[in-house]
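Undergrad: any chance you can model this:
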Amino acid sequence: MDAPEMSPVLHQPTVVVDDISVVYRTKNQPAGRTNTRKTLWQALGRGAGADSAVRTTALRNVSFVANKGDSIGVIGRNGSGKSTLMKVLAGLIIPDTGRVYASSNPILLGVNAALISSMSGAQNVRLGCLAMGMSHSEIDAKYDAIVDMSGLEHEIYHPMNSYSSGMGARLRFAIAAAVDPEILLVDEALNTGDAQFKERSKMRMQQVTQQAGTVFIVSHSLSTITSTCNRAIWIDKGDFVMDGTPDDVAKEYRNFIWRINEGNADYGRQIRAELMASLPEIRTTLLPNGWKRAR
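TA: Numbers count the residues shown, from 1 in each chain. Now for the predicted structure:
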């Protein structure tokens, strides 16, 4: 199937990511048996030798600008910070350094629609839409379209705890996409469901970009990125490696992964370093009037 025709990029910023870094801190627990008395003493914050915190950098000095009409694929190995980036863009995680600015509130698939598993899909459609600020009349007008997008049909009346993970992801996508967001964040949802759902979801995201919106898609499927997006960014172990056309980024990423899988890690690191060195400098100091921090 041919790639969908993408709307032209308008070069009007919707999201500005300004030199952000995110560091997770976890307790370093020693291996072996646990001394209960010592653990309690340390839990009370007393005594020397308390377990030190382990610092893991999830994102490191990431900067880029997203524009109206952009559909941006985000790729990278597991644990590279892709989902962390989505949560930062949505305002769910505040970066340790740097800032994120957005022209409107980004909608993160499956987060703003806080669904209840014991309730039916139909009830969760209304609950999720109300949680995202839609009125009852707006929900009534879009209800059939949401159910049609989800592809659940009669299953919409069953409780969500009876759904497969794919069915739940499809319903969350349908709800999140119903609010006509200017900025939509999609994390792996397109890898679930049948071919019909994938085609419907791609068409919905194309509608968002045609309406001068911006879509971010996290996916391990390079074919999804190349067929759906007009731009791709590559993050590896927290570092921003490449920003370009989906075909160019996918080509370099495949080459990098092939080198790593062949045991040539040194050459893979060389590819990564050269791409990072060639990234253009992003000027994010001048923002449109009236913009504010995303959260």
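Undergrad: tell me which element the residue lying closest to residue 239 once chain neighbours are set aside falls in.
TA: Nearest residue to residue 239, sequence neighbours excluded (Cβ to Cβ, 6 or more residues apart in numbering): residue 60, at 5.5 Å. Every C-beta, even on glycine, is put in place using the N, C-alpha and C of the backbone. For residue 60, the enclosing helix or strand under DSSP states H and E is strand 53-67.
Undergrad: try residue 217
TA: strand 214-218.
Undergrad: give the other helices and strands that the following helix or strand past that strand contacts.
TA: Downstream of strand 214-218, the next assigned helix or strand under DSSP H and E is helix 222-228. Packing partners of helix 222-228 (3 or more Cβ pairs under 8 Å, 6 or more residues apart in numbering; DSSP states H and E): strand 71-75, helix 195-210, strand 214-218, helix 246-261.
Undergrad: next secondary structure after helix 222-228?
TA: strand 231-236.
Undergrad: just the angle between that following strand and strand 71-75, please?
TA: Relative orientation of strand 231-236 versus strand 71-75 (axes from the mean of the first three to the mean of the last three Cα atoms, to 10 degrees): 20 degrees.
Undergrad: got the angle between strand 231-236 and strand 214-218?
TA: 40 degrees.
Undergrad: now for strand 231-236, which elements pack on it?
TA: In terms of contacts (3+ Cβ pairs under 8 Å, 6+ apart), strand 231-236 is packed against strand 53-67, strand 71-75, strand 239-244, helix 246-261.
Undergrad: switch the cut-off to 7 Å
TA: strand 71-75, strand 239-244, helix 246-261 (3 or more Cβ pairs under 7 Å, 6 or more residues apart in numbering; DSSP states H and E).
Undergrad: can you pull out the low-pLDDT segments for this structure?
TA: Along the chain, segments meeting pLDDT under 70 span 1-10, 28-52, 109-114, 188-196, 208-209, 212, 282-295.
Undergrad: domains of it?
TA: The domain map for the chain lists 1-27+53-106+181-280, 116-180, with the assignment taken from automatic domain parsing.
Undergrad: next, format the helices and strands packed on strand 231-236 as JSON lines and append distance to residue 90.
TA: JSON lines is the format used below for these (distance: least, Cβ to Cβ, whole Å):
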{"stretch": "strand 71-75", "distance to residue 90": "13"}
{"stretch": "strand 239-244", "distance to residue 90": "18"}
{"stretch": "helix 246-261", "distance to residue 90": "23"}
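Undergrad: to residue 21, which of these lies closest?
TA: Closest of those to residue 21 is strand 239-244, at 10.5 Å (criterion: Cβ to Cβ).
Undergrad: I would like the residues contacting the strand holding residue 60, please.
TA: Contacts to strand 53-67, defined as Cβ atoms under 7 Å, 6 or more residues apart in numbering, come from residues 9-28, 72, 81, 84-85, 214, 233, 238-240, 243, 282, 284.
Undergrad: the same query, at a cut-off of 8 Å, please.
TA: With contact meaning Cβ atoms under 8 Å, 6 or more residues apart in numbering, strand 53-67 is reached by 9-28, 72, 81, 84-85, 88, 95, 97-98, 183, 214, 216, 233, 235, 238-240, 243, 282, 284.
Undergrad: re the thing from before, any chance of the helices and strands packed on strand 231-236 in TSV, with distance to residue 277 and mean neighbour count too?
TA: What follows is these, written out as TSV (distance: least, Cβ to Cβ, whole Å; neighbours: other Cβ atoms under 10 Å):
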stretch	distance to residue 277	mean neighbour count
strand 71-75	19	25
strand 239-244	10	20
helix 246-261	13	16
